[in-house]
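Enquirer: just need the structure, nothing else, for what follows:
(one chain, ligands or ions: 2)
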Amino acid sequence: MRTVEEHARMVSGLLSPSPVVEIPLAETAGLVLAENLIAPIDLPPFPNSAMDGYAVRAADLTGFPVIMPVSQDIPAGRMDTASLLAGTAARIMTGAPMPAGADTIVQVEKTDGGTETVRIQDAPPPGVHVRVQGEDVAVGAVVLRAGTVLAGPQIGVAAALGFASLPVRRPLEVLILSTGTELVAPGQPLGPGQIYESNSYMLAASVAAAGAKATVAHFVADDVTTFRTALESAAAGVDLIVTSGGVSAGAYEVVKDALTGRGVEFAKVAMQPGMPQGAGLFSADNGRSVPMVTLPGNPVSSYVSFEVFLRPAIRAAMGYEQLTRPALRLPLSKAIDSPPGKRQFRRGVLDPDSGTVAPWGGPGSHLLSWLAGADAMIVVGAAVTRLEAGEPVEVWLLG
Ligand code: AMP
Ligand code: MG
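Expert: Ligands and ions are numbered 1, 2, ... in the order given. Presented below is the predicted three-dimensional model:
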């Protein structure tokens, strides 16, 4: 039997780093920036007012109140601002360029708001409401480091610096193919002995949550020829093929039957659920080798296998620094038993009040609704066969 680490290494080893591509800014959310982002301009690009009010010279404010003529109006966006004449005030709006010669912004609240002349009751010291050119970012500065995961604020600053696109790691294209003669698509009537196909939906959503791009191929029956045909057409343009089902020890194990000798290796991994696994470079008929990971079909096994092997491998290939789920050690609120010699992954629910984790449902790998109700994965070491209530255990936070 392989250890979890051995199989994890094998799966990560299949994927090469995804190439760097330039992607329109609006499509970069969640992706990893591939190069340092250097500021091509200062931010703010020019000195401007932080308040609606009046731009004046501090030297003209010899006593209060003071009445001054308003020499110009400067709304945001004005490009032909004149220098401020001594003894005058310019009516100015937030974000509008400071006229040359002005050093002080008097908020409108400290004036009568006049448009011909303005009566100023009081004024702050020079510079207080003036945004200095480059005070946020100086031209040439590294604003975002390569490896940054792009979210709203990072995309926002890139736009503020004028970038219309960014160099990022291209999302891996992952094809998902489920197998099982018993499967029926949701929305169709269910016959005797049939179940709804759920793994492809679960895996596609999980692939997307990991940062990659999922395409789902229509599931196929447990028939080697049908499966091979589906694979060959899938193999053309994807970075990774993930199958579910057909890899355990019974008869009609279509994935195993179709792929043995085609570059994919099948093994037992010392874990529960998820013992039967397969991975390798699938040699397609067109000569292409496509990374392929064959997950077991039981829904919980499929999901756990994805979390344990595929999520970190996909994230590593896409340049994420954070490969694993956030992990903690928390006391169990209830005892659990675990099989000897296998790392056990159990569903868990966190109790933030007591700071404990409760096992959620049994270990059965068909108990999908319990998985859906869990917010944590409890990880029990291979050598451990029982943990009592109150004992600390490793917990992964499923976001
Ligand atoms: P297998 O790994 O193909 O032997 O399947 C193990 C169990 O998982 C069986 O009960 C299957 O019916 C179920 N199963 C396999 N594939 C899927 C799927 N795509 N969606 C839902 N259940 C599945
Ligand atoms: Mg099956």
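Enquirer: now do the same for Leu328: its pLDDT.
Expert: In the predicted model, Leu328 carries a pLDDT score of 97.
Enquirer: ugh, wrong one, Pro75
Expert: According to the model's per-residue confidence, Pro75 sits at a pLDDT of 97.
Enquirer: pull the number of nearby residues for it.
Expert: Per other C-beta atoms under 10 Å, the neighbour tally for Pro75 reads 12. For every residue, glycine as well, the C-beta is placed using N, CA and C.
Enquirer: where does Glu6 sit: helix, strand or coil?
Expert: helix (DSSP: H, G, I helix; E, B strand; the rest coil).
Enquirer: tell me how far it lies from ligand 1.
Expert: With distances defined as C-beta to the nearest ligand atom, to the nearest Å, the gap from Glu6 to ligand 1 amounts to 21 Å.
Enquirer: ok, now Pro126?
Expert: Here Pro126 is placed at a distance of 69 Å from ligand 1 (C-beta to the nearest ligand atom).
Enquirer: what of Gly211?
Expert: Separation of Gly211 from ligand 1 (C-beta to the nearest ligand atom): 23 Å.
Enquirer: list the contacts for that residue?
Expert: Listed by C-beta atoms under 8 Å, 6 or more residues apart in numbering, the contact partners of Gly211 are 30-32, 171, 314-315, 318, 320.
Enquirer: I'd like those as CSV, with neighbour count appended.
Expert: Converted to CSV, those look like this (neighbours: other C-beta atoms under 10 Å):
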residue, neighbour count
Gly30, 17
Leu31, 25
Val32, 21
Pro171, 23
Ile314, 28
Arg315, 21
Met318, 24
Tyr320, 19
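Enquirer: which ones among those lie within helices?
Expert: With helices taken from DSSP state H, the overlap with these comprises 314-315.
Enquirer: of the contacts of Gly211, which is the nearest to ligand 1?
Expert: Checking these against ligand 1 with C-beta to the nearest ligand atom, the nearest one is Ile314 at 19.6 Å.
Enquirer: so the closest one sits against Leu15, correct?
Expert: Yes: with contact defined as C-beta atoms under 8 Å, Ile314 and Leu15 form a contacting pair (7.1 Å).
Enquirer: next, show the common contact partners of these two.
Expert: 172, 240.
Enquirer: and which of the contacts of Gly211 is nearest Gly191?
Expert: Here the nearest of the contacts of Gly211 to Gly191, counting by C-beta to C-beta, is Ile314; it sits at 35.5 Å.
Enquirer: so what's that closest one up against?
Expert: When contacts are counted by C-beta under 8 Å, 6+ apart, Ile314 is found next to 15, 172, 174, 207, 210-212, 240.
Enquirer: and Phe227, its phi and psi?
Expert: Backbone dihedrals for Phe227, given as degrees, to the nearest 10, come out at phi -60, psi -50.
Enquirer: swap that for Val349, please
Expert: Backbone dihedrals for Val349, given as degrees, to the nearest 10, come out at phi -130, psi 130.
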